[in-house]
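*Asks:* for reference, the sequence and a predicted model appear below.
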Amino acid sequence: MRILFVCMGNICRSPTAEGLFKHIAASCAGLQFEVDSAGTHDYHVGEAPDKRAIAAARQRGIDLTGLRARLVEPGDFERFDLILAMDRENLSILQQRAPAHARERIKLVLDFAPDAHTREVPDPYYGGPKGFEEVLDLLEQASQGLMAQLLAQTNDRRRMA
């Protein structure tokens, strides 16, 4: 399974989602994931995640320091099985850029967190540290929901085999 997390600049929300999902996936023996993140805008290409995102993730045992921002590329729509946008604005941009056959693989990340108090992950860039904590809380719910769904699908396939 190949998953791409997408936000606007790829320095706050989507690298946090990438690092968090990799952290959760590491405890799932037998399942293989390719996880990446990207931005819809080229504001920060090549830069490390925001220092506040790195610090908030580090407090939860997640290392984002090796990640670098990149722009969503046309090939991403073929390469990834699931493309998860942080908000409706980025969802719309992705749907406009994607070939018609790939649009069904583009979803909001919080579709996997039905009990979350919002449907969009707020951009913490212009706020304080609490915003980065909220992003982590929301993305943790989404990552756990996504992992539960993927595990259920894998178990269903194994039973049918």
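*Replies:* Arrived safely. Keep in mind the model is a prediction, meaning the values are calculated, not measured.
*Asks:* C-alpha from now on. contacts and neighbour counts both.
*Replies:* OK.
*Asks:* count the neighbours of A56 for me.
*Replies:* Neighbours of A56 under the rule other CA atoms under 10 Å: 22.
*Asks:* residues contacting it?
*Replies:* Each residue near A56 by CA atoms under 8 Å, 6 or more residues apart in numbering is listed here: 129, 132-133, 136.
*Asks:* now the buried members of those residues.
*Replies:* For these, a burial check counting by 16 or more other CA atoms under 10 Å picks out 132-133, 136.
*Asks:* picking up where we left off before, output the contacts of A56 as CSV; include the columns pLDDT and distance to P99.
*Replies:* Output for these, formatted as CSV (pLDDT from 0 to 100; distance: CA to CA, whole Å):
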residue, pLDDT, distance to P99
P129, 87, 37
F132, 98, 33
E133, 97, 35
L136, 98, 31
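*Asks:* the nearest residue to R58 once chain neighbours are set aside: what's it in contact with?
*Replies:* Closest residue to R58 apart from its sequence neighbours, by CA to CA, 6 or more residues apart in numbering: L64 at 7.7 Å. Going by CA under 8 Å, 6+ apart, L64 touches 15-16, 19, 49, 54, 57-58.
*Asks:* show me which of the residues you listed is closest to A116.
*Replies:* T16 (17.2 Å; CA to CA).
*Asks:* for stretch 114-121, buried residues please.
*Replies:* By neighbour count on 16+ other CA under 10 Å, the buried set for stretch 114-121 is 116, 119-121.
*Asks:* save those residues as TSV, and put in pLDDT and distance to P74 too.
*Replies:* TSV is the format used below for the buried residues of stretch 114-121 (pLDDT from 0 to 100; distance: CA to CA, whole Å):
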residue	pLDDT	distance to P74
A116	97	31
R119	97	26
E120	98	24
V121	98	24
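*Asks:* hmm, back to that, mind listing which of the buried ones among the contacts of A56 are in helices?
*Replies:* In helices, judged by DSSP state H, the following of the buried ones among the contacts of A56 are found: 132-133, 136.
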